[in-house]
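Asks: Have a look at this prediction, sequence included:
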Amino acid sequence: MKKLLRYLPIVFSLVLFCWFVQEILKPLSPDVAVDGVNVEPEQQPTAVAKDKPPLELILHYIKFKLDGADGINIRFLDYLSILSAVQRLKPDKIFVHADEEPQGTYWNELKSRGWVKYVYRKKVINVSGREGTLKNIWHIADKARVDILLEYGGLAVDFDVYFVRGERIRQIMQNHKAIACYEHKIAYNSGLFGASKGSRLLYAWHHSYDVIYRGNDWTFNSGDLLKFLSEIFPEEVYVVDHVCNNPFAWDIENFFLKTGHHHWTDSVAIHTYHRLHKGGLFDTEMADADGLKKSWPSDFRDILLTIYENRTLPEPDPMFSDRIAL
């Protein structure tokens, strides 16, 4: 009897997982509500037709006010992320979703140039299922990302993502219902993810937060399940390489200390993870253009200077490939 009881948690987990798979593979509801907005998922899980009209590409950033903070400040490095999008992605619209309007010199400049629009977004912490609430501000932002894409469609990125060959993203999204970012063999990274509103993968990912949310696991829903769902709907998704693993999040020191260590000039974008380095030191050291120019030579510095000075990239490598086979 004791041996049998020992296996009960494993059996329960397998049953829950099988139920989740069954749930996401059900025919989609004809009318899915997201924050009061009705979204009608498409039924054909195929790549976007070649003869469709040009894609309207909306770029989304999300920034919630931290507990105890005076407000939401757009820093110089945040500004450079948006500037890289303007230069190299050229989206039709850029929305910054937040629970209050951001502030600061760089936010005012972005607004004055007409590059961004503030969109109020309430923090939603409740989910269905056993846990009931999202456990931290990062999971709240992860869930908001999925809600926003169901409502608007488009591409959502973190503020530590910088576009390089960003024009290719528009081409990818014109021909695929989703783009996901490869990090490693266990999980993808949601720091760059895009989808059309009719994506079955996107709907299933949204549904996972109500069915199988795990608050004690940092990346289970945002990374592990995203990889799993991409393998269930491979016909929908383009999984891009050399973005969220160039550098790897756990091996970033050389990226910040050396030049020529990482090949970044052919990537569609680079997820720098710079806030993981020495407790976000770069937000202080590179608080403005002077700080950037005086900073230690590195691949990170080269990327930022390429954006700030709008440098011309070298000719692309014709042998470069960035698609992960599913």
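Replies: Cool, the structure landed.
Asks: Run through who's touching the strand with the most length in the chain.
Replies: Ranked by number of residues, the top strand in the chain under DSSP state E is strand 188-195. Counting by CB atoms under 8 Å, 6 or more residues apart in numbering, the neighbours of strand 188-195 from elsewhere in the structure are 142, 145, 149, 153-158, 160-161, 169, 173, 177-183, 201-202, 222-223, 226-227, 230, 239-240, 243-245, 269, 271. Using the backbone N, CA and C atoms, a C-beta is placed for each residue, glycine as well.
Asks: Note down every partner strand of that strand and its orientation.
Replies: Partner strands and pairing direction for strand 188-195 (DSSP bridges) are strand 154-157 (antiparallel), strand 178-182 (antiparallel).
Asks: now it: how far from the chain's centre is it?
Replies: Taking CA atoms, centre = their mean, to the nearest Å, one finds the center of strand 188-195 at 4 Å from the center of the full chain.
Asks: what mean pLDDT does it have?
Replies: Confidence for strand 188-195, expressed as mean pLDDT, is 97.
Asks: following that strand, which helix or strand comes up?
Replies: Toward the C-terminal end, the helix or strand that comes next after strand 188-195 (DSSP states H and E) is helix 200-211.
Asks: and the angle from that next one to strand 188-195?
Replies: What separates the directions of helix 200-211 and strand 188-195 is an angle of 120 degrees, with axes from the mean of the first three to the mean of the last three CA atoms, to 10 degrees.
Asks: Name the residues of helix 200-211 that come out as buried.
Replies: 200-209, 211 (16 or more other CB atoms under 10 Å).
Asks: Check which helices and strands that helix is in contact with.
Replies: Applying 3 or more CB pairs under 8 Å, 6 or more residues apart in numbering; DSSP states H and E, one finds that helix 200-211 contacts helix 8-24, strand 32-34, helix 137-152, helix 225-232.
Asks: Identify each of the strands in this structure and give its residue range.
Replies: Secondary structure of the chain by DSSP E: the strands cover 32-34, 37-39, 58-62, 93-98, 117-120, 154-157, 161-163, 178-182, 188-195, 237-240, 269-271.
Asks: By mean pLDDT, point me to the weakest helix or strand of this structure.
Replies: Evaluated with mean pLDDT, DSSP states H and E, the helix-and-strand set of the chain has its lowest mean pLDDT in strand 37-39, which scores a mean of 37.
Asks: I'd guessed D317 sits against W264; true?
Replies: No - taking CB atoms under 8 Å as the contact criterion, D317 and W264 are not neighbours in contact, 11.7 Å apart.
Asks: More neighbours: which of these two?
Replies: It is W264, of D317 and W264, that has more neighbours when counted by other CB atoms under 10 Å, with 23 against 10.
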